[in-house]
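> Sharing a model that was predicted from the sequence below.
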Amino acid sequence: MAEAIYPRILHARLRGQLSYRASFLLDCLAQAVAQGGEVVVILVLFNRVTALGGFSVDEVLLVYALASTAFGLSDLFAGQLNALPAYIREGTFDVLLLRPLGTLPQVMVSDLPLKRIGRVFTGLVVLGYALPHNDVVWTPWSVGLLVVTPVAGSVIFSGIWVVACSVCFWLVDGQELANTVTYGSNTFTSYPISVYSGWLRRLMAFVVPGAFVAYYPALALLDKPDPLGGPGWLGWVGPVVAVLVAGLAGLVWKTAVRHYRGTGS
Amino acid sequence: MIEVRDLRREFRISEKAGFLRRAHRTVAAVDGVSFDVAAGEAVGYVGPNGAGKSTTIKMLTGILVPTSGTVRVSGVDPSRQRKELARRIGVVFGQRSQLWWDLPLADSFELLKAIYRVSGPDFAKRLAECADLLELGPFLTTPVRQLSLGQRMRGEVTAALLHAPDLLVLDEPTIGLDLESKERLREFLAELNTRRGTTLLLTTHDLDDIQRLCPRLVVIDHGTVLADGPLADLSAEVSPERVLVVDLDVAVEPLADLPGVVSVRTELGGRRQHLAFRRDVTTAAALIAAVAARAEVHDLSVVEPEIDDVVRTLYARRHADRSVGNVGVPHDSR
């Protein structure tokens, strides 16, 4: 019974949007094109070079597709956290505290801008191109990995989103900072991490565990050794990382809300 | 229903003190507030802006955690048992909505039904009751964003009552409403309190709200309780004077010498006179008789002290007390 509440809220939110069909379709298209712009960048790059960080164009596209799909999925729900500063400023967050539900899921389902499904769409289209153009060895394991990866990736992205946006409970203007991390990690994960170097790679790949969204799973699908020398099992631990990230994000959110109720105005 | 003891809430305010440096100071928005509200009461919680009303309400409803002191509302600790409390009380904020902006009113109610796990029959019964008394029928299928403020507030109150709370907390419920909407809402709340026994706690700047709805008043200023008691007692304590307004057929000299009369203000060259009198010295009836003995009375009315005068006088007194260092001399010489 309790579990049915959030889908119901989402369903009601959807009905509100679908009443404007034409603008909805245009929005969808715009999102898909925006996300697709990066594909163009990749293709242009490969006009000049034949490999990027030890990866061919089709391999890079596979990494990109996995990252895009995961980001698009997380954007559908966690993207709503972008509204958090407004909720705090306008007192809407207080209203969420008056309901017998958790605050985080309430924020996530407070709106479902379905136009963002455009991003997922682009990701899936590129995935549909990249898979047959790479040498993927199809076993039940690799199929499972392919299905689980975007889900685990979206959980990782969502966790990053929650942690980054929790800043807004302390800093009124924290949104810019948060977006740097969230949208920044989308861009980062779209390329093999071997193209980055030094502290940036270490930070974005392991502290913000972006490497587990697309890079390592793609290596496992391609059965390709990591040019950076990482062990092969890293491609299979995405779900574990996702669970850890989700747990950590939950703790950070709890602390942030406690801070809000303790010293907020 | 509500139990508040030595409630205190501090805020840290940071101010710029040079480049990247900030000075912090602590301000107590609520500073040692205590009061009780019994089940079935209707209490007005009033005070000027910045007195600490909203901060108190936020602590009573579980939004804010007190710095110190204790709160129990409907048997639970609001800050620790936020979700449990949410099922037991209803809250209406005049200036923020708990409805879904782009959904029809009826859909918002359906969602709240799911959120509060209200059973189908209970929901139908309560909604029908509110819809009937608040006349929601004509706009139940209208998206909330298209409702007038008056319609929306009726929707907000209904939304807060669907889970049949024992306590309804209203923060400035009539703010911005036109007279008719205000009256309709007051009538509904009065019914709710007397018929169903729902406890009411409301903050307001509208003194008609209090006169109409709240037999008891808690007055707060600078985070402390200034006065707590029946409205009538507060009025009597602060301004024991009432005013008799008489319209006379012919003008006469100011009737300042009548027994009990404290001051006189004349209008229309002496044909209308405002006689302020002490209710502990004379009665309106005796005074009217005394006036009638002097001149032919055409019309008359007795004016009770205005409630905002009462509140204003209370503030003024409190500040006067503070300036003489609270020596503990009782200030009412009744």
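Good, I have the coordinates.
> With just CA atoms, put the helix or strand that contains B:Lys182 into PDB.
Here B:Lys182, judged by DSSP states H and E, is contained in helix B:179-191. Output of helix B:179-191 as PDB, limited to C-alpha atoms (Å, rounded to 0.1, in the frame of the first residue of the first chain):
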ATOM      1  CA  LEU B 179     -14.600  39.400   3.400                       C
ATOM      2  CA  GLU B 180     -17.000  36.800   2.200                       C
ATOM      3  CA  SER B 181     -14.400  34.100   1.900                       C
ATOM      4  CA  LYS B 182     -13.100  35.000   5.400                       C
ATOM      5  CA  GLU B 183     -16.500  34.700   6.900                       C
ATOM      6  CA  ARG B 184     -17.300  31.400   5.200                       C
ATOM      7  CA  LEU B 185     -14.000  30.000   6.400                       C
ATOM      8  CA  ARG B 186     -14.500  31.200   9.900                       C
ATOM      9  CA  GLU B 187     -18.000  29.700  10.000                       C
ATOM     10  CA  PHE B 188     -16.600  26.400   8.900                       C
ATOM     11  CA  LEU B 189     -13.800  26.300  11.400                       C
ATOM     12  CA  ALA B 190     -16.100  27.300  14.200                       C
ATOM     13  CA  GLU B 191     -18.400  24.400  13.300                       C
END
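> And chain B, split by domain according to the record?
B:2-235, B:240-303 (automatic domain parsing).
> The most centrally placed residue in chain B in helix, strand or coil?
By Cα atoms, centre = their mean, chain B has its centre lying nearest to B:Gly44, at 3.4 Å. Assigned by DSSP: H, G, I helix; E, B strand; the rest coil, the conformation of B:Gly44 is strand.
> Relative to chain A, how far out is the closest residue to it other than its chain neighbours?
Of all residues not flanking B:Gly44 in the chain, B:Cys214 sits nearest, at 3.5 Å (Cβ to Cβ, 6 or more residues apart in numbering or on different chains). Where you see a C-beta, it was placed from the backbone N, CA and C, and this is true even at glycine. B:Cys214 sits 22 Å away from chain A, going by Cβ to the nearest Cβ, to the nearest Å.
> ditto for B:Ser68
Taking Cβ to the nearest Cβ, one finds B:Ser68 at 12 Å from chain A.
> pLDDT value on that residue, please?
Per-residue pLDDT puts B:Ser68 at 90.
> Return the residues in contact with it.
B:6-8 (Cβ atoms under 8 Å, 6 or more residues apart in numbering or on different chains).
> For those, pick the one with the most neighbours.
B:Leu7 (24 neighbours; other Cβ atoms under 10 Å in any protein chain shown).
> Name the nearest residue to it, ignoring sequence neighbours.
B:Gly69 is the one closest to B:Leu7 (Cβ to Cβ, 6+ apart), at 3.8 Å.
> Wasn't the one you found part of a strand?
Yes. Under three-state DSSP, B:Gly69 sits within a strand.
> Pretty sure it sits against B:Glu3.
No. With contact defined as Cβ atoms under 8 Å, B:Gly69 does not count as touching B:Glu3 (10.7 Å).
> give the contact list for residue 79.
The chain I'm using is chain A. For A:Gly79, counting by Cβ under 8 Å, 6+ apart, the contacting residues are A:113, A:116, A:161.
> hmm, I had chain B in mind actually
Residues counted as contacts of B:Ser79 (Cβ under 8 Å, 6+ apart) are A:261, B:59, B:62, B:64-66, B:71.
> need those in a markdown table with neighbour count, distance to B:Val30 and secondary structure, can you?
Converted to a markdown table, the contacts of B:Ser79 look like this (neighbours: other Cβ atoms under 10 Å in any protein chain shown; distance: Cβ to Cβ, whole Å; DSSP: H, G, I helix; E, B strand; the rest coil):
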| residue | neighbour count | distance to B:Val30 | secondary structure |
| --- | --- | --- | --- |
| A:Arg261 | 21 | 15 | helix |
| B:Met59 | 27 | 7 | helix |
| B:Gly62 | 25 | 15 | coil |
| B:Leu64 | 27 | 9 | coil |
| B:Val65 | 20 | 12 | coil |
| B:Pro66 | 24 | 8 | coil |
| B:Val71 | 21 | 11 | strand |
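> of all of the stretch 51-200 of chain A, which residue lies closest to chain B?
Closest to chain B within the stretch 51-200 of chain A is A:Pro100: 4.0 Å, counting by Cβ to the nearest Cβ.
> Surely that residue touches B:Ala114?
No. Shown here, A:Pro100 and B:Ala114 do not form a contact pair, counting by Cβ under 8 Å, at 11.3 Å.
> re the thing from before, quick one: the residue nearest to B:Leu7 and chain A, what's the gap?
14 Å.
> follow-up on the earlier one: quick one: buried residues of the helix holding B:Lys182?
Buried residues in helix B:179-191, counted by 16 or more other Cβ atoms under 10 Å in any protein chain shown: B:181-182, B:184-186, B:188-189.
> Run the angle between that helix and strand B:42-46 for me.
Counting by axes from the mean of the first three to the mean of the last three Cα atoms, to 10 degrees, helix B:179-191 lies at 130 degrees to strand B:42-46.
> I would like the residues contacting helix B:179-191, please.
B:42, B:133-135, B:149-150, B:153-154, B:157, B:168, B:170, B:173-174, B:177, B:200, B:202, B:206, B:208-209, B:212-213.
> So, low pLDDT: which residues of the stretch 151-265 of chain A?
The model of the stretch 151-265 of chain A has pLDDT under 70 over residues A:263-265.
> what's the neighbour count on B:Gln164?
Not quite, residue B:164 is Ala, not Gln. Around B:Ala164 there are 16 residues (other Cβ under 10 Å).
> Surely A:Phe206 is within a helix?
Yes. Counting by three-state DSSP, A:Phe206 is part of a helix.
> Which of the contacts of A:Gly79 fall within strands?
Among the contacts of A:Gly79, no member falls in strands (DSSP state E).
> Select, out of the domains of chain B, the one closest to A:Leu61.
domain B:2-235 (38.5 Å; Cβ to Cβ).
> ok, back up a step: looking at the domains of chain B, which is buried most?
Among the domains of chain B, the stretch with the highest mean neighbour count (mean count of other Cβ atoms under 10 Å in any protein chain shown) is domain B:2-235, at a mean of 18.
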